[in-house]
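K.L.:
After the sequence you'll find the predicted model.
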Amino acid sequence: MNLKQLKTELSPTLKEVKFTLKRVRKSPLSILGMAIITFYVIIAVFAPVLAPPVDPNAPYAIFHDGYGPTPRPPGSEVLDSWIRNMGWTVHYFGTAEGQLDIYYGCIWGTRTAFRIGLMVVVISLIIGLLMGCLSGYYGGIIDEILMRFTDIILAFPGLILAMALVIALPRVWRLEIGFPLAIIGIFIIIMLIGHFLKLRSAISASLGILSVAIFAVLYYGVLGSPPIYTMGIELTDLDKVLVALALVGWPGYTRVIRGEILRVRQEDYVEAAKAAGCSDVRIILRHILPNAMYSVVIMASLDIGSIVLTAAALSFLGIGAPLGYADWGQMISFARGWIWSGQENPWQFWYTFIIPGLFIFTFVLGWNLLGDAFRDILDPTLRRR
Amino acid sequence: MGLLEYTIRRILLIIPTLLGVILLIFAVSQLFTPEQRATLYITSERQMRDIDSIINQYHLRESVFTQLIGWLQQLLQGNLGYSRTGGGPVLQVLLRKLPATFELVIWSIPLTVFIGIYLGTKSAVHRDTSIDHITRMISIIGWSLPSFWLGIMLIAIFFQGLGWFPPERMSQPTFNYITLSGNWHWYTGLLVIDGLLNGTPWITIDALRHIILPTITLTTINIALIVRIMRSGMLEALGKGYIVMAKAKGLSNKEVINKHARRNALIPVMTVAGLLTAGLLTGVTITETVFNIDGVGRWAAVAAGGGGTVPDVPAVLGFALFAGIVYVVANLVVDIMYAYIDPRIRLG
């Protein structure tokens, strides 16, 4: 393929991208959002420079300057001589209850926020893509089962289901991965047999599901669920939050991807690929997914803001990162005691809740500003007005 | 398809969903240890002491199917376990704490909906002008504010700073009057209304002062949802042929917007009413915790994290089940109302 051919082939895509960028530039709110996110990316990347860890082995643990209960205002001097020797002379944002340094917590909390947001989006997107492809492309009984399953998870308010999952996940999660592996194996074998016998893919898929169901009943009912291959995964408190949020988040993406695939599946080029004898996997990977996932990936990445907000809410409720971990939500929960203590002057300890709160708020605001602009730009009914 | 037929069909369709919701809660319960799971079967503090006999009685170490049947039997009898943090059986605690939550939600819904619709319309009519930008900015800010932070700030300003609106559900004199005087009767469970019905307007005023800050918090975080849907609905409606037609026949701008565009844009707002329910259920969990209101939300939050090192499993699962059922039923009501308002749904 020569360059000219490539250019003509890509030109509609390029035109759309250019148009999108033009609309983004025209919207001041989305530029503000972009600036905020860039600012936080810089903070996260340069965290070790902005706030050199006192204990290099545990950079996410906020350092203590003693254990005194009363917060100290911004600009207070560092008393601990050992921490002074590490180059810390002042508490820039003051200290919280237990003399935890607020500045340090805020800077490293940015990394925690990105980690939670990105990990949850990536995990739920991967599950969502897989399930959405299966459901949208094969349709029939697979679609029915998967969609009812997403219905059930979507029947819960996210935070509440996540709350139950976080406390339910054990510290060491013994995963019977032998059983799901056996199920997937049986399914693939039946599909392969169907492929060689030249059965229609819907029929072999139904047969696959049937045999998996028979296997499951045998395994649980008759054999009494003996372990096949158990893998222990150690989960830190933060991992639990990640896993819980991802388990709650994937059904939404599954539905969007399924819808996109149903739309794309009808296009002429997919029919052409089928007529040319392409395999199902090839059609999904090369022809359907690239056209279906563009908007889903953008939408999902813009969810980072709301994911971080939910995680912060969990931390605030005391189900999340362990005590003293650099996490914005938890830092605000420290302040609750001071607000409630009936202080003469409630603003005496303003820095304990205003500063971490501003960090969460502007971080989420950045993503939401961008998301709001993109929703209009990507909405086909509003796009060209 | 008639409306009645549609309604019946839709009601029948939630049965598998509700069953699924129950099964999912059961699946989550399987992640706990048998000892923790045993608390789902007991009904009093006394039984806590012989957990082992409970484990044997309900076959908690045996296969999943045996456990499922046992648990479903429990559920049918209305037994969701004993809540340590609530100090009673889960269902009783839930019902006892519900009025406080309901009172909070009942004031927030109309505010969210009406202000949301108003702002959304304004924003769409003045698209890409400063009014649009400001309205969107306000709703995005509300959407991005951590609800617990907003609550803390409101307490710091309006209670600690100005002393106007105290937190908690009621003040000490009200509490004393209700519990000790013997003259108090709960008619509706809503303090504001019952205060008037009991002939004690000072209780109503007291209740209103307590309810204002939590209501503002709940409204602020949920309003963006309505504004966003209303705005895009209005934009779509304003581009339709019948709007051009209405303008062409000489109707005033106000009439076109209020009578033609807005009515059609309201239909999509109906669909997010279900999402609003989810937002409210999540919202009360946080809001009640911050404002120390003794409702179901704070109970669940305390059960999950605040009540010591060991989570109160029955309370959390019971609350999740409750939230799931409320959400499913809310979506059912929304769907039926939607079909009632928009004939295209039931005929299409």
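P.N.:
Nice, thanks for sending it over.
K.L.:
how about low-confidence regions in the stretch 201-348 of chain B?
P.N.:
Applying pLDDT under 70 to the stretch 201-348 of chain B flags the ranges B:306-309, B:345-348.
K.L.:
Just the strands from the stretch 51-200 of chain B, written as ranges.
P.N.:
B:82-83, B:88-89 (DSSP state E, counting those that start in this stretch).
K.L.:
For the first one, which outside residues touch it?
P.N.:
Counting by C-beta atoms under 8 Å, 6 or more residues apart in numbering or on different chains, strand B:82-83 makes contact with B:39, B:42-45, B:47-48, B:88-90, B:93, B:299, B:303, B:312, B:314-315, B:318, all of which sit outside it. In short, each C-beta sits where N, CA and C put it, glycine included.
K.L.:
Just the ones in helices from those residues, please.
P.N.:
B:Val90, B:Val93, B:Trp299, B:Pro314, B:Ala315, B:Gly318 (DSSP state H).
K.L.:
Could you identify the longest helix within chain A?
P.N.:
helix A:102-138.
K.L.:
Can you show me the strands along the stretch 201-350 of chain A?
P.N.:
Using DSSP E, counting those that start in this stretch, strands in the stretch 201-350 of chain A cover A:230-234.
K.L.:
re earlier: dump the strands of the stretch 51-200 of chain B into a markdown table; add mean pLDDT and mean neighbour count as well.
P.N.:
Putting the strands of the stretch 51-200 of chain B into a markdown table (pLDDT from 0 to 100; neighbours: other C-beta atoms under 10 Å in any protein chain shown) gives the following:
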| stretch | mean pLDDT | mean neighbour count |
| --- | --- | --- |
| strand B:82-83 | 82 | 26 |
| strand B:88-89 | 84 | 18 |
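K.L.:
Adding distance to A:Leu100, write those strands out as JSON lines.
P.N.:
What follows is these, written out as JSON lines (distance: least, C-beta to C-beta, whole Å):
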{"stretch": "strand B:82-83", "distance to A:Leu100": "33"}
{"stretch": "strand B:88-89", "distance to A:Leu100": "37"}
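K.L.:
Figure out which of these is closest to A:Arg286.
P.N.:
strand B:82-83 (54.1 Å; C-beta to C-beta).
K.L.:
Pairing partners for the closest one, with directions?
P.N.:
Applying DSSP bridges to the sheet, strand B:82-83 is found paired with strand B:88-89 (antiparallel).
K.L.:
re earlier: compare the strands of the stretch 51-200 of chain B and give me the one nearest B:Glu255.
P.N.:
strand B:82-83 (56.0 Å).
K.L.:
So for the closest residue to chain B within the stretch 101-250 of chain A, what's the pLDDT?
P.N.:
Chain B sits closest to A:Ile152 of the stretch 101-250 of chain A, with a gap of 3.6 Å, by C-beta to the nearest C-beta. pLDDT for A:Ile152: 87.
K.L.:
one step back: closest to A:Ala96 out of the ones in helices among the contacts of strand B:82-83?
P.N.:
Of those, the one sitting nearest to A:Ala96 (C-beta to C-beta) turns out to be B:Trp299, at 27.4 Å.
K.L.:
For the closest one, give me its contacts.
P.N.:
B:Trp299 touches B:Ser83, B:Thr85, B:Gly86, B:Val93, B:Leu94, B:Lys97, B:Ala315, B:Phe319, counting by C-beta under 8 Å, 6+ apart.
K.L.:
Just flag the most distant two among those residues.
P.N.:
Farthest pair in those, by C-beta to C-beta: B:Thr85 and B:Leu94, 12.3 Å.
K.L.:
and the longest helix of chain A, which residues are buried?
P.N.:
A:102-117, A:119-121, A:123-125, A:127-129, A:131-138 (16 or more other C-beta atoms under 10 Å in any protein chain shown).
K.L.:
what's in contact with the next helix or strand after it?
P.N.:
Going down the chain from helix A:102-138, the next helix or strand is helix A:140-154, by DSSP states H and E. Applying C-beta under 8 Å, 6+ apart, the contact partners of helix A:140-154 are A:131, A:134-136, A:161, A:202, A:205-206, A:209, A:247-248, A:251-252, A:254-255, A:258, B:16-17, B:20-21, B:23-24.
K.L.:
How about B:Trp184: what's its closest non-neighbour residue?
P.N.:
B:Ile178 (4.6 Å; C-beta to C-beta, 6 or more residues apart in numbering or on different chains).
K.L.:
An error on my part: the question was meant for B:Met234.
P.N.:
For B:Met234, the spatially nearest residue (C-beta to C-beta, 6+ apart) is B:Ala124, at 3.3 Å.
K.L.:
Tell me the confidence at the one you found?
P.N.:
With respect to pLDDT, B:Ala124 has a value of 87.
K.L.:
Identify the residues contacting it.
P.N.:
Here B:Ala124 is in contact with B:Asp132, B:Met230, B:Arg231, B:Ser232, B:Gly233, B:Met234, B:Leu235, B:Leu238, B:Ala265 (C-beta under 8 Å, 6+ apart).
K.L.:
One more pass at 6 Å, please.
P.N.:
B:Arg231, B:Met234, B:Leu235 (C-beta atoms under 6 Å, 6 or more residues apart in numbering or on different chains).
K.L.:
Which ones among these map onto helices?
P.N.:
B:Arg231, B:Met234, B:Leu235.
K.L.:
Surely A:Arg174 is in a strand?
P.N.:
Yes. A:Arg174 forms part of a strand when assessed by DSSP: H, G, I helix; E, B strand; the rest coil.
K.L.:
Please report the distance of it from A:Ile127.
P.N.:
Separation of A:Arg174 from A:Ile127 (C-beta to C-beta, to the nearest Å): 21 Å.
K.L.:
A:Gly320 too?
P.N.:
With C-beta to C-beta as the criterion, A:Gly320 and A:Ile127 are 22 Å apart.
K.L.:
Tell me, how many residues neighbour the closest residue to chain A within the stretch 201-348 of chain B?
P.N.:
Nearest residue of the stretch 201-348 of chain B to chain A, counting by C-beta to the nearest C-beta: B:Gly305, 3.2 Å away. Per other C-beta atoms under 10 Å in any protein chain shown, the neighbour tally for B:Gly305 reads 24.
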